[in-house]
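A.B. asks: Provided below for reference: sequence and predicted model.
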Amino acid sequence: MPDRLAHFPALAVACPTCQSPAGQLCTSHFGTRPRRSDVHQARTRAHAAAQPTTWLVTPQTINAVDDAVDAYGTYAKGYFEFVDGRTTVVGLRVGSGPDRVVARFGDTLVRHPNGRWSVRPAADQPDTETEATR
Ligand SMILES: [Zn+2]
């Protein structure tokens, strides 16, 4: 008789507490009893830590996003273009050298769990993927 899997988002990662592999329910009592109503708290934390962190970059959020990027030890500064006869900030440049990324206003800056940065252009964002700036 197959277990009917409840869907917990944290099942995407293995559980550090009971060692249950990704995709399988947590277990109790030394692996003899599947936990159908919840997962271990450590698994929920492990799942959260594996999610990318995102920031919507706008003229209103750029300073807070800059501070958040700096807190990861990554250099960020305004990205400027020549607009209407003057140099104007149009987004945030993150990192330096060939790995740098530029998030223009309206884009979403993404920090992946492995420390890599990327940008989701404004045009590609489903509403559910945007988050408030932290
Ligand atoms: Zn577990």
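C.D. replies: The structure has been received and is ready for your questions. Bear in mind that the values here come from a model prediction, so they are computed numbers and not experimental data.
A.B. asks: all contacts plus neighbour counts: C-alpha atoms, from now on.
C.D. replies: Noted.
A.B. asks: the ion contacts on this structure?
C.D. replies: Taking CA under 5 Å from the ion as the contact definition, the chain meets the ion at 15, 17-18, 26, 40.
A.B. asks: and if we set it to 8 Å?
C.D. replies: By CA under 8 Å from the ion, the residues of the chain that approach the ion are 14-20, 25-28, 39-43.
A.B. asks: domain assignment for this protein?
C.D. replies: Each domain of the chain is listed here as a residue range: 9-49, 53-123, per automatic domain parsing.
A.B. asks: now tell me what touches stretch 58-66 from outside.
C.D. replies: 55, 57, 76-77, 91-92, 104-107, 133-134 (CA atoms under 8 Å, 6 or more residues apart in numbering).
A.B. asks: which among those gets closest to the ion?
C.D. replies: Distance to the ion across the contacts of stretch 58-66 (CA to the ion) is lowest for R134, with 29.1 Å.
A.B. asks: could I get stretch 29-40 in PDB with only the CA atoms?
C.D. replies: C-alpha atoms of stretch 29-40 as PDB (Å, rounded to 0.1, in the frame of the first residue of the first chain):
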ATOM      1  CA  HIS A  29      10.700   6.400  16.000                       C
ATOM      2  CA  PHE A  30      14.000   5.600  14.400                       C
ATOM      3  CA  GLY A  31      12.600   5.600  10.900                       C
ATOM      4  CA  THR A  32       9.700   3.200  11.600                       C
ATOM      5  CA  ARG A  33       6.900   5.800  11.400                       C
ATOM      6  CA  PRO A  34       6.400   8.300   8.500                       C
ATOM      7  CA  ARG A  35       5.300  11.800   9.700                       C
ATOM      8  CA  ARG A  36       2.300  12.600   7.600                       C
ATOM      9  CA  SER A  37       1.300  15.900   9.200                       C
ATOM     10  CA  ASP A  38       4.600  17.800   9.400                       C
ATOM     11  CA  VAL A  39       8.300  17.700   8.800                       C
ATOM     12  CA  HIS A  40      11.200  18.300  11.300                       C
END
